[in-house]
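*Asks:* Need a 3D model of the sequence below.
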Amino acid sequence: MSGRSMSAMKCRKISNWGTPTVLGIRREDVSAWERRAPLAPNHVKQIVDAGHRVLMQPSNRRAIPKYEKAGAVIQEDLSDAKLIMGVKRPPDGSLLPGKTYSFFSHTIKAQESNMLLLDEALSKGVRLLDYEAMVNEEGQRVVAFGKWAGIAGMIDILHGLGIRLLELGFNTPFVHMSMAHNYRTFDQAVLALRDVGYEIALGHLPAELGPLTFVFSGTGNVSQGAQRVFSELPCEFVRPKDLPRIVQQADPRKVYGVAMCLPDYLHRTSDGGFNLHEFFKQPELYSSAFSTEIAPYTSCLINGVYWNSKIPRLLTREDAVQLTSSKHGVIFSGCPSVRHQMLAISDISSDVNGSIGFMSQCTTIDEPFCIYHPDKGTKYNWYSHIIYECIRGDGILICSIDQMPTQFPVEATHDFGDHLLPFVPELVGSLLNKHSNPLLIISPLILNYYLAKTKFLQDMLVSLYVFFLFFYFYFCLSVITYRSLCRAQLSLEIFVTSLLPKSLHPGIAKICIAQKVNMVTASYMLPEMQALHESAQAAGITLMNEVGLDPGIDHFLALNSIHSSRQRGATVESLVSYCGGLPAPEFSNNPLRYKFSWNPEGAINNCLNSASYLRDGQVVWGKIIDAAEPVCCWPGLSLEGVPNRDSLHYRELYNIPEAHTVFRGTLRYQAGIACAPCIDHHFYLLSVVSGHCFNSVSLGCLNRLGLLGDATVGQVDNVMKALINHLTYTLTFGSDERDMVILRNELKIKLPSGAQEMEVQSLVVYGDPKGYSAMARTVGLPCAIAAQMILDGMIQEKGVLLPFAPEIFNYMLSKLKNSFLFTEEVK
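*Replies:* Just a heads-up that it's a prediction; the model follows:
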């Protein structure tokens with residue numbers, strides 16, 4: 001639904017809903033502080049007067065008698081409601097199957113803490129309507145608590161600034177400010193603000209402290225709400241370019257404010273100019289000068305700016321190093337305890353690792369403040385330099401409460417409900433009828449994005465955002481046929497994860513380079529991809545490859561063992577690695593003992609190609625299917641292994657030139673690979689020409705696979721494609737079947753003492769028929785971790801990369817161990 005449609009929708013009267021319906025309002029029970037509601041009693045009365053029912057769960061944190069008087073039915077059970085409304089997310093496990101919910105899910109920006117909520121919504125067939133996605137044609141949100149977030153956030157930081165300055169040795173009028181929730185209404189807070197302002201006007205700010213400057217980022221409701229609070233103090237708004245003068249020559253009987261706009265700190269990298277339309281279309285052309293031109297003269301930053309990963313950050317961790325060093329701050333004589341100008345940040349946006357790059361965790365109303373000081377020695381451990389639950393120590397005071405508006409619950413609820421009520425008819429009416437299937441609808445009021453129902457695609461892609469990332473599905477698009485449309489689509493994205501066949505990655509990568517969009521793939525890096533290295537470097541983007549299962553997790557395990565062995569002074573004598581994606585044993589009853597959990601063409605071709613590997617110092621070449629041999633790693637499984645195409649170059653990639661054996665292979669059930677030749681049309685032709693006939697085993701295999709039947713074959717380009725289409729249909733997992741992933745690495749090393757060891761690392765993962773396949777999880781999660789590392793700046797290197805740096809594979813392995821059970825043994 002477009003913004004224009006929404007504008008028309010807003011004019012729709014409640015009395016015109018049509019058939020009487022039932023609306024539910026759930027209690028807010030995730031946080032003890034959450035006292036808001038999506039609708040106030042006067043809004044409920046309008047709905048009830050129009051002939052509809054409103055069910056409301058009882059709660060001692062709300063004015064239930066007023067809702068009851070307005071006509072709401074107070075009861076626990078909301079199962080009759082067509083739409084269940086709330087403010088914040090429900091507790092884990094409490095979603096009613098098949099229902100439609102509306103609340104702030106906090107998943108639009110891939111917030112890690114709520115990814116399991118999406119998992120539950122999918123598994124229960126729940127529709128989720130997110131208020132954050134309700135925008136007009138200009139992309140502006142039409143329902144929000146932003147104004148009250150700004151008001152509460154400004155009051156809280158004034159309170160924090162007062163006690164922080166007291167800790168630093170300065171008694172100021174701000175010490176008499178309290179947290180916002182201690183005022184019954186905003187009017188009471190205004191009285192306290194005016195009292196503080198009176199003290200400031202009398203000159204009661206210590207002269208040694210110097211002028212206090214407050215910089216407001218953003219121009220939306222958050223910034224306007226914060227400035228509304230600030231205006232109650234004796235203040236003067238100045239331009240950013242005036243700040244250097246203000247900090248040297250200022251009136252101590254007032255405080256100074258800067259309402260910062262985008263052109264004030266964002267400059268085109270090439271020439272220093274600014275064009276608003278160009279910035280929104282290509283933000284990567286711009287860089288931020290905030291840290292050098294404005295931040296050094298800022299006492300308190302009130303941050304309410306919108307941010308995504310293409311937009312330059314206001315402040316990075318590197319900026320914080322400069323801002324907290326005495327040589328970079330503005331030092332005032334007679335005040336040695338204040339070593340830098342920037343004292344506090346109120347990050348009302350609450351974007352973790354967002355526009356404030358070092359804001360890595362939100363604070364709470366119970367513990368509203370933390371002190372940040374950059375830890376220069378831990379590049380990949382971002383949390384060790386934050387001191388919570390105090391206002392002491394060196395650094396910058398940060399307040400980043402993610403539920404600011406609930407500190408004024410009554411006013412915030414009335415204001416939010418006034419904006420939401422006109423849209424309620426559409427939420428419970430035509431929109432839900434239009435999407436009658438149990439899909440997860442995250443952004444229904446702008447483009448009706450929805451998830452594909454194809455199980456394989458859904459499993460593979462949903463697994464990505466369950467861990468870290470959230471994906472919108474605009475539409476399915478052939479990247480071969482519609483290359484220009486694909487290019488246009490990628491121009492709108494901030495990150496690309498390509499799970500296409502590996503032959504298509506270079507084409508997508510070229511588009512990413514042109515659009516300056518980072519990309520992650522789970523496939524082997526082709527020479528065509530490697531050839532794009534310099535182009536990717538010039539574009540300033542990262543194209544990360546081989547971060548799936550195989551290749552991917554097998555790399556992480558092998559490199560981790562090799563790296564640990566090197567630290568012990570050992571040499572690597574042998575590396576043998578096996579990996580396989582198989583049906584679980586109970587679903588392997590077919591001639592090939594196999595079902596497709598990934599690209600069918602790739603799986604078939606891998607069996608029919610040639611391979612090379614190193615064994616006992618000898619290079620071995622030959623057909624893959626001719627090299628099958630039993631693998632007795634798990635006595636309960638009858639397995640055999642075949643070599644992957646090329647294991648030789650991993651001796652160089654892994655930097656183990658001394659190894660006499662380097663073998664990377666694929667696991668299959670025994671007897672399955674023996675039947676593979678009979679489905680090769682080349683093998684069939686050779687048999688006919690040479691006069692050899694198929695044996696009974698081969699004929700039985702062909703018959704059970706349906707290849708000897710009378711079914712019509714669809715028209716395709718060649719015999720191989722026809723075979724792949726047939727096997728894809730025949731050997732696809734059923735809805736009640738599960739797959740299995742097994743991986744095993746064996747590393748033999750020689751210690752300086754001459755002793756030998758063999759380190760064995762194993763992984764076995766089963767799929768869930770009602771959830772995600774094992775292949776989807778083991779491919780999707782590594783991709784998601786790699787993407788998150790790039791987005792968060794943990795991977796700074798540009799170009800076409802492999803995950804072979806210790807800081808990459810060790811971090812990824814540590815994250816994967818939170819989701820999978822790896823076993824290790826030393827023999």
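
*Asks:* Tell me how far S647 lies from Y594.
*Replies:* Shown here: S647 relative to Y594, a distance of 22 Å by Cβ to Cβ, to the nearest Å. (Each C-beta comes from the backbone N, C-alpha and C, glycine too.)

*Asks:* how about the helices in the stretch 1-150 of the chain?
*Replies:* Using DSSP state H, counting those that start in this stretch, the helices of the stretch 1-150 of the chain run over 3-10, 41-49, 64-69, 115-123, 146-167.

*Asks:* Buried deepest among those helices, which one?
*Replies:* Of all those, helix 146-167 has the most neighbours on average by mean count of other Cβ atoms under 10 Å, namely a mean of 25.

*Asks:* what about G665, helix or strand, and which?
*Replies:* For G665, the host element (DSSP states H and E) is strand 661-669.

*Asks:* what packs against that strand?
*Replies:* If you count contacts as 3 or more Cβ pairs under 8 Å, 6 or more residues apart in numbering; DSSP states H and E, strand 661-669 packs onto strand 571-583, strand 610-615, strand 639-643, helix 650-653, strand 739-750.

*Asks:* Relative to Q140, which of these is closest?
*Replies:* Q140 lies closest to strand 739-750 among the helices and strands packed on strand 661-669, at 44.9 Å (Cβ to Cβ).

*Asks:* what's the angle between the closest one and strand 639-643?
*Replies:* 70 degrees (axes from the mean of the first three to the mean of the last three Cα atoms, to 10 degrees).

*Asks:* Show residues contacting the helix or strand following strand 739-750.
*Replies:* Moving toward the C-terminus from strand 739-750, the next helix or strand (DSSP H and E) is strand 756-766. Strand 756-766 is contacted from outside by 553, 557, 561, 565, 570, 573, 584, 633-634, 738-751, 774, 777-778, 820-827, using Cβ atoms under 8 Å, 6 or more residues apart in numbering.

*Asks:* What subset of the residues you listed is buried?
*Replies:* 553, 557, 561, 565, 570, 573, 584, 738-750, 774, 777-778, 820 (16 or more other Cβ atoms under 10 Å).

*Asks:* what angle sits between the strand holding G665 and strand 739-750?
*Replies:* Interaxial angle, strand 661-669 versus strand 739-750 (the same axes, to 10 degrees): 160 degrees.

*Asks:* pLDDT (mean, whole number) over strand 661-669?
*Replies:* For strand 661-669, the mean per-residue pLDDT is 91.

*Asks:* now swap in stretch 806-821 and tell me
*Replies:* Regarding stretch 806-821, the rounded mean pLDDT is 92.

*Asks:* likewise stretch 554-561?
*Replies:* Throughout stretch 554-561, pLDDT has a mean value of 94.

*Asks:* now do stretch 645-658
*Replies:* In this model, stretch 645-658 has a mean pLDDT of 91.

*Asks:* and the helices of the stretch 1-150 of the chain as JSON lines, adding mean pLDDT and distance to Q140?
*Replies:* As requested, the helices of the stretch 1-150 of the chain are exported to JSON lines (pLDDT from 0 to 100; distance: least, Cβ to Cβ, whole Å):
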{"stretch": "helix 3-10", "mean pLDDT": "40", "distance to Q140": "9"}
{"stretch": "helix 41-49", "mean pLDDT": "95", "distance to Q140": "22"}
{"stretch": "helix 64-69", "mean pLDDT": "93", "distance to Q140": "30"}
{"stretch": "helix 115-123", "mean pLDDT": "81", "distance to Q140": "25"}
{"stretch": "helix 146-167", "mean pLDDT": "95", "distance to Q140": "10"}
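
*Asks:* domains for the protein, by residue range?
*Replies:* The chain breaks down by automatic domain parsing into domains covering 3-133+410-450, 146-360+363-399, 553-677+717-826.

*Asks:* can I get the ones you listed in a markdown table with distance to C512?
*Replies:* Output for these, formatted as a markdown table (distance: least, Cβ to Cβ, whole Å):
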| stretch | distance to C512 |
| --- | --- |
| domain 3-133+410-450 | 19 |
| domain 146-360+363-399 | 12 |
| domain 553-677+717-826 | 11 |
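
*Asks:* Relative to L504, which of the ones you listed is closest?
*Replies:* For L504, the closest of the domains of the chain is domain 553-677+717-826, at 10.6 Å, according to Cβ to Cβ.

*Asks:* what about D80, neighbour count?
*Replies:* 11 (other Cβ atoms under 10 Å).

*Asks:* Please give me every residue in contact with the closest residue to it other than its chain neighbours.
*Replies:* Nearest in space to D80, with sequence neighbours left out and distances taken as Cβ to Cβ, 6 or more residues apart in numbering, is V22 at 5.1 Å. The contact partners of V22, taken as Cβ under 8 Å, 6+ apart, are 52-55, 80-82.

*Asks:* Going by neighbour count, which of those are buried?
*Replies:* Using 16+ other Cβ under 10 Å as the burial test, the contacts of V22 include 52-55, 81-82 as buried.

*Asks:* and stretch 195-212, C-alpha only, in CSV?
*Replies:* C-alpha atoms of stretch 195-212 as CSV (Å, rounded to 0.1, in the frame of the first residue of the first chain):
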residue,chain,number,x,y,z
ASP,A,195,13.5,26.6,38.5
VAL,A,196,16.8,25.3,37.1
GLY,A,197,16.7,28.0,34.5
TYR,A,198,16.2,30.7,37.1
GLU,A,199,19.3,29.4,38.9
ILE,A,200,21.3,29.5,35.6
ALA,A,201,20.1,33.1,34.9
LEU,A,202,21.4,34.2,38.3
GLY,A,203,24.9,33.0,37.2
HIS,A,204,25.0,29.9,39.3
LEU,A,205,26.9,27.8,36.7
PRO,A,206,30.6,27.6,37.9
ALA,A,207,32.7,29.9,35.7
GLU,A,208,35.5,27.3,35.6
LEU,A,209,33.2,24.9,33.8
GLY,A,210,32.9,27.2,30.9
PRO,A,211,29.8,27.5,28.6
LEU,A,212,27.6,24.4,28.2
